[in-house]
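Undergrad: Any chance you could fold what I've pasted below:
(4 chains)
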There are 2 protein chains.
Amino acid sequence: MRNKRHSIKDIAKTLDVSPTTVSFVLNGKGKEKKISDEVINRVLTYTKSINYKPNMLARSLRTGRTKILVFMVEDISNHFFSKIARTIEDIAYEKGYRVLFCSNENEDKRSRDLLNLFYERQVDGFIIIPSTGIRDDIRELMKNDIPVVLFDRFFPDLDTHYVVIDNYDASRKATRHLIDNGYQNIAFVTTDVQQVQMLDRRRGYTDAVAQEGLQATVLEIPFGDTDSGSGRELMRDFFRNKELDAVYFSTNYLTRSGLEIIKEIDEKLIFQLGIVTFDDNELFRINTPTISAVAQPMEEIAQELMRIMLHLLKQKNSVEETMQVTLSAELIPRGSSLAKVNV
Amino acid sequence: MRNKRHSIKDIAKTLDVSPTTVSFVLNGKGKEKKISDEVINRVLTYTKSINYKPNMLARSLRTGRTKILVFMVEDISNHFFSKIARTIEDIAYEKGYRVLFCSNENEDKRSRDLLNLFYERQVDGFIIIPSTGIRDDIRELMKNDIPVVLFDRFFPDLDTHYVVIDNYDASRKATRHLIDNGYQNIAFVTTDVQQVQMLDRRRGYTDAVAQEGLQATVLEIPFGDTDSGSGRELMRDFFRNKELDAVYFSTNYLTRSGLEIIKEIDEKLIFQLGIVTFDDNELFRINTPTISAVAQPMEEIAQELMRIMLHLLKQKNSVEETMQVTLSAELIPRGSSLAKVNV
DNA sequence: ATGAAAGCGCTAACAA
DNA sequence: TTGTTAGCGCTTTCAT
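TA: Prediction:
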């Protein structure tokens, strides 16, 4: 027989007080409600002794709040996402919220399933990196007045709260940095996903090279293949056959394979090519050569996200303008993009 | 004003039927309860038109089941864990369960917080790789008749359901494999965590070398430092200064750094050393040289876990003997442990 | 073939 | 200072 869990009613009966009293005491409202110290003590010691755990389902059903936030990204194991996740969790915890993390693997179906799952369980808010096809699901959430904040990217035709960085500007600066250091044949390695943040990074690059009359050379790796054999093959061919003196990677999961392949092709190649990547990583500081990177302000992103989320959570009235924040990313020049030495 | 979600009562009122009828229809019991086709249709079309989503909190409070399972591991981004997670999710989904994933980072506090969070939210069952210090929390769960299945490791002094592999045997065979191929100075690189699975792997190694009168050389990397600077430093010194002809890594997160360091020390070293690692990885097949590995039967582990979990879930009566499964792991010999060529 | 009503465990307005 | 009670949204037994 399943052991029945202790309920407030049980406790009240055992202690010969009313459920209300127990509830008040357990919620720390004992003093406020002027419950006698003696009763407070009896309740506290007894509940501790039986290791009472409240039924949050019941509480949430009653209060209408679960005190749960959902943080959904492409892949929670990615350093960039997990770093932000950690900061968010800390801030949320302080405010009495718990955070559930999940990865949608950039698949719409998975995103939708997760949104549904959590929506039905009445979570209080969503912080999301949306996959391309869930615009309508996001809108549906918003129509139901669920707090939603997007980040990393957004839907140009949907008026949502979001926190992003100025990808165009950052990308432009990164490309200019290579140009200024004497590189002339700069390749841009990216994925084929048609999302706003990727397109902005690409425009930043093409505009920067165009401005100097240089040629744009773009390699697109299919999204699913970025770390697989066929993606690697594409890069290998590309780096072998193109006359390049610099490479600029559009995202961190391309950089890892990219660097490996460059090393494989020729031991010395990595020292000759100018290299810059989007998204910084601790390893880039200890790599030989050290790798220049566009660093997103992760701490700040997380803080802005939670600032907006907490604001939305305390709003009664949902009629309000959307909060849209664009932060700027910083280029960290390192050894991999030093001024070009012409041989 | 927060948009009130649709409730069954609302729907009933709008359609001028009773909540009962709506509930029956929505739960697919329309036919069974002999609701007229006309009413069934009205309910179905209307609920679809307003995109009705049931309040699972209320349902769960009423039924006593959330249909949620929790899968808690050290680090869900680790290939071994995430592979198992995926299989578990698929099986669970078929049976109408959803799975929530979380990482405890091998910290007791985090484990405890997560167990509490989900216990209070009445999840139906836990599949856990326990961190060292949560024995009592696991026992507490079991005392409350919550289905718990452990894997990868267990507590020798706690009678739980679990699925593990025969680490001792696998480790012994891996070591013997190196010995049989002519290696004499085999190092064992492991972490300092004193958990049963690690100790078994270690004993497998020491017994195998002892049996041949060879010397055991063990390097222990502090758990937190396995992929950090200081851990790498330890390995670097170790590989540089010891007279080794083979290395056996006890777990996959050590292997990655280990291989990198071996390459760094000397380009050719990786071809000279015999190498075997615990936990297989797709990359090992394409690495040069290919890396020999002890492969855990991940599919089978996941299936056994879910077989036990589903069994427990349908039990009314909890008085029952524990289900303890030990599977065997398979050594996959590859290029990194070919018969030693004496120079 | 459909509806009324109780109750899951909790909170909180109101009563005493 | 403490208790009574209604009700959150749902399922399900029992009536009709």
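Undergrad: Spell out which residues of the stretch 1-150 of chain A are next to chain B.
TA: Residues of the stretch 1-150 of chain A found near chain B, taking C-beta under 8 Å from any C-beta of the partner chain as the criterion, are A:1-3, A:5, A:51, A:53-58, A:60-61, A:66, A:75-77, A:82, A:98, A:100-102, A:116-117, A:119-122, A:140, A:143-145. C-beta coordinates here come from the backbone N, C-alpha and C atoms, glycine included.
Undergrad: if you look at those, which of them are in helices?
TA: When the residues of the stretch 1-150 of chain A next to chain B are checked against helices using DSSP state H, the ones located there are A:Met56, A:Leu57, A:Ala58, A:Ser60, A:Leu61, A:Ser82, A:Asn116, A:Leu117, A:Tyr119, A:Glu120, A:Glu140, A:Lys143.
Undergrad: Quick one, which of these are buried?
TA: Neighbour counting by 16 or more other C-beta atoms under 10 Å in any protein chain shown classes A:Met56, A:Leu57, A:Ala58, A:Ser60, A:Leu61, A:Ser82, A:Leu117, A:Tyr119, A:Glu120, A:Glu140 among these as buried.
Undergrad: Among those residues, which has the minimum pLDDT value?
TA: Among those, A:Ser82 carries the weakest pLDDT, at 90.
Undergrad: okay, the buried ones among the ones in helices among the residues of the stretch 1-150 of chain A next to chain B in TSV with distance to A:Asn106 next?
TA: What follows is these, written out as TSV (distance: C-beta to C-beta, whole Å):
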residue	distance to A:Asn106
A:Met56	31
A:Leu57	32
A:Ala58	37
A:Ser60	31
A:Leu61	34
A:Ser82	16
A:Leu117	18
A:Tyr119	20
A:Glu120	23
A:Glu140	20
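Undergrad: contacting residues around whatever residue of the stretch 101-250 of chain A ends up closest to DNA strand C?
TA: Nearest residue of the stretch 101-250 of chain A to DNA strand C (C-beta to the nearest atom of the strand) works out as A:Gln122 at 12.5 Å. Under the criterion of C-beta atoms under 8 Å, 6 or more residues apart in numbering or on different chains, the contact list for A:Gln122 reads A:Ser60, A:Gly64, A:Arg65, A:Thr66, B:Asn55, B:Met56, B:Leu57.
Undergrad: can I get those residues in JSON lines with distance to B:Asn27?
TA: What follows is the contacts of A:Gln122, written out as JSON lines (distance: C-beta to C-beta, whole Å):
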{"residue": "A:Ser60", "distance to B:Asn27": "22"}
{"residue": "A:Gly64", "distance to B:Asn27": "24"}
{"residue": "A:Arg65", "distance to B:Asn27": "27"}
{"residue": "A:Thr66", "distance to B:Asn27": "23"}
{"residue": "B:Asn55", "distance to B:Asn27": "14"}
{"residue": "B:Met56", "distance to B:Asn27": "13"}
{"residue": "B:Leu57", "distance to B:Asn27": "17"}
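Undergrad: which of the residues you listed lies closest to B:Gln324?
TA: Of all the contacts of A:Gln122, the one sitting nearest B:Gln324 is B:Met56; the distance, using C-beta to C-beta, is 33.4 Å.
Undergrad: Surely that closest one and A:Glu120 touch.
TA: Yes. Under the contact definition of C-beta atoms under 8 Å, B:Met56 touches A:Glu120, with a separation of 4.4 Å.
Undergrad: what kind of secondary structure is A:Glu233 in?
TA: For A:Glu233, the assignment made with DSSP: H, G, I helix; E, B strand; the rest coil gives helix.
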